[in-house]
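Student: Sequence isn't available, so here's the structure alone:
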Ligand SMILES: NC(=O)C1=CN([C@@H]2O[C@H](COP(=O)(O)OP(=O)(O)OC[C@H]3O[C@@H](n4cnc5c(N)ncnc54)[C@H](OP(=O)(O)O)[C@@H]3O)[C@@H](O)[C@H]2O)[C@H](O)CC1
Ligand SMILES: [K+]
């Protein structure tokens, strides 16, 4: 069953109000994404993984992935597209502060994309269901950077730039090899397999009762 983006937000909020907090949903989203990625690649040990994160909860899922991937022995670099003070939500901030205590993950911020390694994998945690309008900087430059590199590309929830409701793209959009979306498929995503690559839906622990009155 496919749902709308609005239904997804309402289900997420209702689950949170039931006590299944968004930080737990985020944890499950990041963990499920890493399991899919590791299953696909066989092993990520010693692989260079570059994770682009936006300031919203799509970025927060990327921060969870960073911690899990470090646990699998990957060499993880996080590129936060902005400054840490501008991270929008409590759950994303919570995950950022854990990474600050983890020397096994390299944290970089800002809008300059000069890395001293060639990534084996890029994770796109720039924009998800919160997208609206044309892509602004520095997200636009990050999306261009990702599209110009030849490596395996993984989209968190939706390729950044793709509207998960309509399937239309903004001015630019990442082109990915795999996309993992959460809880239930959003209507626009499967229309664009050319951008999502392999597409999966993962449950993230939201109680089915959170759907009552919404679906
Ligand atoms: N489905 C679930 O139950 C869960 C999903 N999770 C993940 O959360 C994201 C949605 O997170 P949200 O914070 O609501 O939104 P985004 O991260 O997609 O976007 C955040 C901000 O990005 C800015 N924005 C929007 N459009 C643009 C644009 N065109 N160009 C540049 N920037 C843009 C905007 O901020 P402004 O300050 O600029 O207004 C947005 O607020 C979902 O996709 C999942 O990955 C959770 O983990 C929980 C479970
Ligand atoms: K994304």
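Tutor: Arrived safely, thanks for sending. Quick caveat: nothing in here was measured; it's all calculated off a predicted structure. Ligands and ions are numbered 1, 2, ... in the order given.

Student: and the protein, which of its residues are near ligand 2?
Tutor: 58, 124, 155, 156, 160 (CB under 5 Å from the ion). C-beta here means a position set from N, CA and C on the backbone, and glycine is covered the same way.

Student: moving C-terminal of the top helix by length along the chain, what's the next helix or strand?
Tutor: Secondary structure of the chain per DSSP state H: the longest helix is helix 22-41. Using DSSP states H and E, the helix or strand that follows helix 22-41 towards the C-terminus is strand 48-53.

Student: Show me which residues of this protein sit near ligand 1.
Tutor: Residues of the chain lying close to ligand 1 by CB under 6 Å from any ligand atom are 8, 12, 22, 25-26, 29, 54, 56-61, 88, 127-136, 139, 156-157, 170, 182-183, 204.

Student: who touches residue 69 in this structure?
Tutor: Shown in contact with residue 69 (CB atoms under 8 Å, 6 or more residues apart in numbering): 34, 37, 44, 49, 51, 76.

Student: Give the burial count for the fourth one, as a bare number.
Tutor: For residue 49, the tally of surrounding residues (other CB atoms under 10 Å) stands at 27.

Student: now the last one
Tutor: Other residues lying near residue 76 total 27 when counted by other CB under 10 Å.

Student: May I have the phi/psi pair for it?
Tutor: phi -100, psi 130 (degrees, to the nearest 10).
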